[in-house]
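J.: Sequence plus the predicted model coming up.
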Amino acid sequence: MKILLIIIDGLGDEPIPQLKNKTPLEKAETPNLDFLAKKGILGLVLPYFEKGKLPTSEDTHLALFGFDPKISNPGRGVLEVLGIGMEILPGDVCLRGNFGTLDEKMKILDRRAGRLENTEPLIEAISNIEIEGVKFLIKKAFSHRIGIVMRGLQPTHHPPALGGPLNLSSEISDGDPKKINVKPKKIKALKISAKFTAKLLNEFLKRAHQILKNHPLNKKRKLPANYILVRGAGKLKKFLDFSKKYKLKSCCIAGGTLYKGIGKYLGMDLIQAEGADGLQNTNLKGKILAAEKALKKYNFIFCHIKAADNLAEDGNFLGKEEFIEKIDKNIKPLLGLKNTLIAITADHSTCSELKRHCVEPIPILIYGTPPTLLPPASRAPGKNGVQKFSEKACQKGKFGKIKQINLMKKILKYAK
């Protein structure tokens, strides 16, 4: 049986008073998801996160695919840069960046500069800045996001212990505090060998800010994109091999660059669906049809859908509800698939009231076609007591609760 894994980023949520204490998933009209839920198995996935921290997209995805993030995560920057399609050379340090908005006191007004999309002129203005033998290469990801590569160009007089252009270090702190009304964090060296890298990155951010705040495009904006918030520094060491690990021919269909990067890092073939860009108006129909077509060639398809997470991070729970309904309408062609196991879940939950990722368990739906996951007596719609795909229904599901890092093994067991 082939496997189609659909990740609806940030799907889970907490009850919201304005929705009569329902979550966006509970409130949404989802006849197709409900159909699958009635004939399949529901449960909850416990997201991977480090103690004292919230789940991150990169860690939870690696855990989803059965890889321990502590040893397999190369850094958010590497995954973003891979997804954009930038070249990574030995010694390069990669970072993920957001265009953000600072006020006159250098405090963050908006971490995403209003999620602006027309960033090409801004990127051009700050690309290829060179500081002490290190060039800063920048490329657009999607919306307000960019990939940054720090590349050493020539030998240096700096002692090896302090680093230099040819031995840059990814052992540096993040500049993004992940909250507003505070100043961006100064980049710090986590090891003595990273002092040179931290110094250069701080200088680059300072220069970029001066250029951006005076850019004509920002003069017209209510939320000017006048600063770059960076995080996730990393170096690419080696690629992982999902297909070899599970003996599955795999592919990735995604609009967001991070998720393309994760697919590429895992050795999956990337399939581009026209108009799939990770935003709210993404071409969902094209993405689902691409997944259906890919089943002819591949026996594992990773299909990522992004915007529910973005909407929840903006506190737009009504938009999240509407987007879930849009997903539901577009998955209808999947109901008639043969010899296919469909697993629908998320990388993490995103709480609309908190406007951030949260540690809430993640709803999961698994449906086999033909439906062979449940005993014959319970295969008919409604017989297993489920009427709707929701967080509450998943709490009582026969699948139970499972740690995220063990999910892939369980999916494979059902597929066999």
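T.: It's in.

J.: Only C-alpha atoms from now on, for both contacts and neighbour counts.
T.: OK.

J.: could you point out the longest strand in this protein?
T.: The residue-count maximum for a strand in the chain (DSSP state E) belongs to strand 93-102.

J.: Name the next helix or strand downstream of that one, please.
T.: strand 108-110 (DSSP states H and E).

J.: and that next one, average pLDDT?
T.: The pLDDT scores in strand 108-110 average 96.

J.: contacts for whichever helix or strand comes after it?
T.: Going down the chain from strand 108-110, the next helix or strand is helix 120-126, by DSSP H and E. Applying Cα atoms under 8 Å, 6 or more residues apart in numbering, the contact partners of helix 120-126 are 138, 139, 140, 208, 211, 212, 215, 217.

J.: rewinding a little: put the alpha carbons of the longest strand of the chain into PDB.
T.: Extracted C-alpha coordinates of strand 93-102, given in PDB (Å, rounded to 0.1, in the frame of the first residue of the first chain):
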ATOM      1  CA  VAL A  93      27.300  29.400   7.200                       C
ATOM      2  CA  CYS A  94      23.600  29.500   6.400                       C
ATOM      3  CA  LEU A  95      20.900  31.500   8.200                       C
ATOM      4  CA  ARG A  96      17.200  32.100   7.800                       C
ATOM      5  CA  GLY A  97      16.200  35.800   7.900                       C
ATOM      6  CA  ASN A  98      12.900  37.700   8.200                       C
ATOM      7  CA  PHE A  99      12.400  41.200   7.000                       C
ATOM      8  CA  GLY A 100      11.100  43.000  10.200                       C
ATOM      9  CA  THR A 101      10.000  46.400  11.200                       C
ATOM     10  CA  LEU A 102      11.900  48.500  13.900                       C
END
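
J.: So in that sheet, which strands flank it, and in what orientation?
T.: strand 108-110 (antiparallel), strand 145-152 (antiparallel), strand 227-234 (antiparallel) (DSSP bridges).

J.: so after the last one, what's the next helix or strand?
T.: If I follow you right, that is strand 227-234. helix 242-246.

J.: Could you pull up the mean pLDDT of that next one?
T.: Looking at helix 242-246 alone, the average pLDDT works out to 96.

J.: and for that helix, what are the contacting residues?
T.: 65, 248, 249, 250, 266, 267, 268.

J.: All the strands of the stretch 251-400 of the chain, in order from the start?
T.: 269-270, 300-305, 340-345, 349-351, 356-358, 362-369, 400-403 (DSSP state E, counting those that start in this stretch).

J.: right, so those strands: which one is the most enclosed?
T.: Stretch with highest mean neighbour count among those: strand 349-351 (a mean of 28; mean count of other Cα atoms under 10 Å).

J.: Tell me the gap between that one and the middle of its chain.
T.: 13 Å (Cα atoms, centre = their mean, to the nearest Å).

J.: who touches that strand?
T.: By Cα under 8 Å, 6+ apart, strand 349-351 touches 9-14, 309, 312-313, 356-362.

J.: what's the closest of these to residue 225?
T.: residue 313 (18.7 Å; Cα to Cα).

J.: unless I'm mixing things up, that closest one is touching residue 319, no?
T.: No: with contacts counted by Cα atoms under 8 Å, residue 313 stays clear of residue 319, the gap being 11.0 Å.

J.: any low-confidence regions in this structure?
T.: Low-confidence segments of the chain (pLDDT under 70): 154-165, 369-385.

J.: The biggest helix by length in it - contacts with which helices or strands?
T.: Longest helix in the chain, counting residues (DSSP state H): helix 195-213. Packing partners of helix 195-213 (3 or more Cα pairs under 8 Å, 6 or more residues apart in numbering; DSSP states H and E): helix 120-126, strand 129-131, strand 227-234.
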